[in-house]
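A.B. asks: return atomic coordinates for the entry below.
(one chain, ligands or ions: 2)
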Amino acid sequence: MKNNLALKKTSVGKSLGREMVYSPAPEDSSHIKINKRYDLFIGGKNVRTKKYFKTINPSNEKVLAEVSYADGKDVERAVSSARKAYDKYWKNLPARERGKYIFRIARILQEKAREFSIIESMDGGKPIRESRLVDVPLAIAHFFYYAGWADKLHFAFPGLKPEPIGVAGQIIPWNFPLLMAAWKIAPALACGNTVVIKSAETTPLTLYKLAEVIQEAGLPDGVVNIISGDGKTGSSLVNSPGVDKIAFTGSTEVGKIIMRSIAGTNKRLTLELGGKAANIIFEDAPLDAAVEGIINGIYFNQGHVCCAGSRLLVQESIMEHVIRKLKFRMKNLRVGDPLDKNTDIGAINSSEQLKRITELVESGVTEGAEIYQPNCTLPAKGYWFKPTFFTNVSQSNRIANEEIFGPVLSILTFRTPTEAVEKANNTFYGLSAGVWTDKGSKSFNILNKLKAGVIWANTFNKFNPASPFGGYKESGFGREGGKHGLEAYLNV
Ligand code: NAP
Ligand code: MG
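C.D. replies: Ligands and ions are numbered 1, 2, ... in the order given. Predicted coordinates:
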């Protein structure tokens, strides 16, 4: 049998000794059961619809399953099922019992973690290493965390009487399907609400798998209803008169449409939108760690990350050094089969997203920025984009301002801490940021001046269910995670 890690002499090898070449190490997916067809999950039952659409594997364009398309009537059916479940059992259930159901979901998910990881990577294109080590464990942690809060809400809001809101309509994007569902369903249930959740068009499968878990956990019928469709389905949910709260994660553009539709109603709203985060590297930063932070900040999940460190701000004195290290590191990134355990960068989620990334990258070249892409071969089928960075970027370039939502980094320089802060805050967004320096005092000083909801110091893209997440400005409002995440689902 061939060694998994073969060593080969190459031209690069002449200066470095030898280069590592990996043999394929695919995760076994033969035991994974994906149905041919998925119906809506309403009132604890599978409900057929008039229309179905296909979800594909973006790494090979093969159809994985047919999925129900919910029209306005189907949405109303799901909302009234959630209402019935709310009035009939959920709002009257002792909080401890609610908690038990959520604990049960967490434990069943834990048993099926491997299956969920594989399906997430097949449906969405993300590397199996990430779905197995990030998406699924964090989703489980979220359910465990909020299960614990269910009977302790009075400690979270001492002296007050927290009450559930009612029926929550939840809409999620395609970049972290199961994780975003956990971020939304877990706190809603813990606070005593019932739920109608809509998956994104390209990634409905793990939510329907979650429906199976919910059934296995014995949740009363209608407490969680799962639907799929497109933007119109989402819009019907937003405009349904039976919904008391909308929780939306997605683009700023759609967030604004939702805000307009909800204006003048009694509906509560939380919006988790886009970002264009600054990742600031000072000359005194631990550089090898910072380069890992840059890589993780922008190439994690193909850059389909709302809080991605997509604007790198490097202190001018170390620019050349950082670029040299970054290029060397990028040559070792492996782009390819999401189910291969050695893959660092998987497939772009859809042809539409690939088009958007390509268009923005072309604008970068046209506007005069300098592009770098390592030499790597992309698979023939599927949607792929090489890890990319731009230097010579000016503040006015589209690639410095617009969210690319792909593996593309824009690099700018700064001279002083004041200039770093000015440039970092020079954006419509305000979701996240990163600061790399050896000095704790400098770190605190800068952190306090950055206008972003989540700021990492000497690390990037770290998540924890106990830590609130959310934005400023056009990145939205409301927090998910932590004690703050409870407020979004309660009348206090
Ligand atoms: P999107 O187009 O806004 O879609 C998000 C969700 O909204 C999808 O389920 C989509 O359905 C649905 N939708 C589309 N039009 C709608 C409408 N008019 N009314 C109601 N719902 C509608 O965003 P995306 O391209 O899927 O996701 C990428 C965006 O999400 C990025 O901007 C990213 O930054 C943001 N994001 C933010 C966070 C955060 O926590 N702040 C986390 C992850 C992603 P279909 O998919 O079926 O069209
Ligand atoms: Mg898909």
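
A.B. asks: what sits up against stretch 199-208?
C.D. replies: 34-35, 38, 41, 53, 55-56, 58, 64-65, 67, 116, 119-120, 122-124, 172-174, 177-178, 181, 197, 226-231, 250, 349-350 (C-beta atoms under 8 Å, 6 or more residues apart in numbering). The C-beta positions use only the backbone N, C-alpha and C, and glycine is treated the same way.

A.B. asks: give the buried residues for stretch 308-327.
C.D. replies: 308-315, 318-319, 322, 325-326 (16 or more other C-beta atoms under 10 Å).

A.B. asks: which ones among those map onto strands?
C.D. replies: Under the assignment DSSP state E, the buried residues of stretch 308-327 contribute Arg311, Leu312, Leu313, Val314, Gln315 to strands.

A.B. asks: what about the first one, distance to Ala420?
C.D. replies: The one in question is Arg311. Per C-beta to C-beta, to the nearest Å, Arg311 is found 11 Å from Ala420.

A.B. asks: need the overlap of contacts for these two.
C.D. replies: With C-beta under 8 Å, 6+ apart as the test, Arg311 and Ala420 both reach Ala278.

A.B. asks: list the residues that contact Asn445.
C.D. replies: With contact set as C-beta under 8 Å, 6+ apart, Asn445 has these partners: Pro417.

A.B. asks: alpha carbons only: can I get the helix or strand harbouring it in PDB?
C.D. replies: When elements are assigned from DSSP states H and E, Asn445 belongs to helix 440-449. Coordinates of each C-alpha in helix 440-449 appear next as PDB, following Å, rounded to 0.1, in the frame of the first residue of the first chain:
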ATOM      1  CA  GLY A 440      -0.900  43.600  26.200                       C
ATOM      2  CA  SER A 441      -1.300  47.400  26.800                       C
ATOM      3  CA  LYS A 442      -1.200  48.100  23.100                       C
ATOM      4  CA  SER A 443      -3.700  45.400  22.500                       C
ATOM      5  CA  PHE A 444      -6.200  46.800  25.000                       C
ATOM      6  CA  ASN A 445      -5.700  50.300  23.800                       C
ATOM      7  CA  ILE A 446      -6.500  49.300  20.200                       C
ATOM      8  CA  LEU A 447      -9.400  46.900  21.100                       C
ATOM      9  CA  ASN A 448     -11.200  49.700  22.800                       C
ATOM     10  CA  LYS A 449     -11.000  51.900  19.700                       C
END
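
A.B. asks: so which elements touch the helix or strand following that helix?
C.D. replies: Later in the chain than helix 440-449, the nearest helix or strand by DSSP H and E is strand 454-457. Judged by 3 or more C-beta pairs under 8 Å, 6 or more residues apart in numbering; DSSP states H and E, strand 454-457 is in contact with strand 432-436, helix 440-449.

A.B. asks: and the residue nearest the centre of the chain, how far from Asp221?
C.D. replies: In the chain, the residue lying closest to the centroid (C-alpha atoms, centre = their mean) is Phe176, at 3.8 Å. Separation of Phe176 from Asp221 (C-beta to C-beta): 27 Å.

A.B. asks: ok and the residue in the stretch 201-350 of the chain nearest ligand 2?
C.D. replies: Thr202 (4.5 Å; C-beta to the ion).

A.B. asks: secondary structure class for that residue?
C.D. replies: coil (DSSP: H, G, I helix; E, B strand; the rest coil).

A.B. asks: next, give phi and psi for it.
C.D. replies: Main-chain torsions, Thr202, degrees, to the nearest 10: phi -90, psi -10.

A.B. asks: His142 too?
C.D. replies: Backbone geometry at His142, expressed as degrees, to the nearest 10, gives phi -60, psi -40.

A.B. asks: let me see the contact set for it.
C.D. replies: So His142 contacts Leu179, Ala182, Trp183, Ala186, Pro465, Gly481 (C-beta under 8 Å, 6+ apart).

A.B. asks: which of those fall within helices?
C.D. replies: Cross-referencing those against helices under DSSP state H gives Leu179, Ala182, Trp183, Ala186.

A.B. asks: closest to ligand 2 out of these?
C.D. replies: Once C-beta to the ion is applied, the member of the ones in helices among the contacts of His142 that ends up nearest ligand 2 is Leu179, at 15.8 Å.

A.B. asks: can you give me the distance of the closest one to Phe116?
C.D. replies: 10 Å.

A.B. asks: and for those two, which residues touch both?
C.D. replies: The contact lists of Leu179 and Phe116 share Val136, Ala139, where a contact means C-beta under 8 Å, 6+ apart.

A.B. asks: close to ligand 1: what parts of the stretch 351-492 of the chain are there?
C.D. replies: Within the stretch 351-492 of the chain, the residues that sit near ligand 1 (C-beta under 6 Å from any ligand atom) are Glu403, Phe405, Leu431, Gly471, Gly476.

A.B. asks: against ligand 2, how distant is the third one?
C.D. replies: Here the criterion is C-beta to the ion, to the nearest Å. By it, Leu431 lies 25 Å from ligand 2.

A.B. asks: repeat that for the second one.
C.D. replies: Using C-beta to the ion, Phe405 is found at 16 Å from ligand 2.

A.B. asks: surely that residue touches Lys355?
C.D. replies: No - judged on C-beta atoms under 8 Å, Phe405 makes no contact with Lys355 at a distance of 11.8 Å.

A.B. asks: may I have stretch 335-346 as CSV, with CA atoms only?
C.D. replies: The C-alpha trace of stretch 335-346 is given here as CSV (Å, rounded to 0.1, in the frame of the first residue of the first chain):
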residue,chain,number,x,y,z
VAL,A,335,-7.3,22.8,-2.4
GLY,A,336,-9.6,20.0,-3.4
ASP,A,337,-12.0,17.2,-2.4
PRO,A,338,-13.9,18.4,0.7
LEU,A,339,-14.1,14.8,2.0
ASP,A,340,-10.3,14.4,2.0
LYS,A,341,-8.9,14.8,5.5
ASN,A,342,-5.9,16.6,4.2
THR,A,343,-7.9,19.3,2.4
ASP,A,344,-7.5,22.9,3.6
ILE,A,345,-9.7,24.6,1.1
GLY,A,346,-12.8,23.0,-0.3
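
A.B. asks: chain center to it: distance?
C.D. replies: 18 Å (C-alpha atoms, centre = their mean, to the nearest Å).

A.B. asks: buried stuff in it?
C.D. replies: Result for stretch 335-346 [16+ other C-beta under 10 Å]: buried residues Val335, Gly336, Asp337, Pro338, Leu339, Asp340, Asn342, Thr343, Asp344, Ile345, Gly346.
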